[in-house]
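Chemist: heads up, no residue letters with this:
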Ligand code: IMP
Ligand code: MG
């Protein structure tokens with residue numbers, strides 16, 4: 001298995017991720033069967049999770065992608081999101097799919113922008129949640145894969161300066 005030098009240890013193996021994501025897919029199938037929801041992937045971090053998740057959802061659905069970035073290295077920066085790229089979500093059942101809820105600044109801004117478009121419903125599915133780092137108090141995803149401690153994690157779509165997204169597991173990055 002490819003484990004780069006800066007990976008301290010594996011936090012979730014591919015098998016653990018698969019098992020949890022299958023369960024999330026089953027929950028989402030029960031919730032959205034018969035509703036033709038729109039699942040929106042927040043690029044780039046959520047891409048790997050998104051592709052696995054939707055294949056565990058067994059009902060009619062549509063997908064779309066938006067791009068938001070808030071991180072530079074491991075330091076929290078300003079959110080950049082382009083509203084001109086927004087899909088038409090008016091009167092749709094929408095699920096935003098994100099990699100991780102950290103301070104929750106990204107998702108709280110995205111949620112506000114989405115709600116302005118009057119979707120029929122809006123929910124958030126995040127693979128990881130780091131509640132100890134929350135700045136936007138009380139923010140919670142509707143569907144969460146794993147709650148983690150204050151580690152900086154990479155792999156399975158998550159990066160550090162664009163590296164490590166291809167790892168099939170979630171690993172903890174060594175702090176310098
Ligand atoms: P928030 O706005 O602070 O909640 O940050 C959310 C974004 O920061 C996520 O979509 C990730 O792209 C990035 N992020 C937060 N924590 C981590 C981490 O541990 N590893 C990699 N990216 C992270
Ligand atoms: Mg992200």
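Modeler: Structure received. Quantities reported herein were computed from a predicted structural model and do not represent experimental measurements. Ligands and ions are numbered 1, 2, ... in the order given.

Chemist: Which elements pack onto the longest strand seen in the chain?
Modeler: Longest among the strand segments of the chain by residue count, using DSSP state E, is strand 62-72. Helices and strands touching strand 62-72, by 3 or more CB pairs under 8 Å, 6 or more residues apart in numbering; DSSP states H and E, are strand 38-43, strand 75-81, helix 105-115. Where you see a C-beta, it was placed from the backbone N, CA and C, and this is true even at glycine.

Chemist: which helices and strands does the last one pack with?
Modeler: Helix 105-115 is packed against strand 62-72, strand 75-81, strand 93-101, strand 121-129, with contacts defined by 3+ CB pairs under 8 Å, 6+ apart.

Chemist: circling back: need the helices and strands packed on strand 62-72 in CSV with mean neighbour count and distance to ligand 1, can you?
Modeler: As requested, those are exported to CSV (neighbours: other CB atoms under 10 Å; distance: least, CB to the nearest ligand atom, whole Å):
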stretch, mean neighbour count, distance to ligand 1
strand 38-43, 22, 6
strand 75-81, 12, 5
helix 105-115, 17, 3
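
Chemist: Of all the residues in the host helix or strand of residue 19, which ones are buried?
Modeler: Assigned by DSSP states H and E, residue 19 belongs to helix 14-32. Neighbour-count burial for helix 14-32 flags 14, 17, 21, 24-25, 28, 31-32 (criterion: 16 or more other CB atoms under 10 Å).

Chemist: Mind listing the residues bridging to the residue most central in space within the chain?
Modeler: Nearest to the mean C-alpha position of the chain, counting by CA atoms, centre = their mean, stands residue 98 at 1.8 Å. Listed beta-bridge partners, residue 98: residue 126 (assigned using DSSP bridges).
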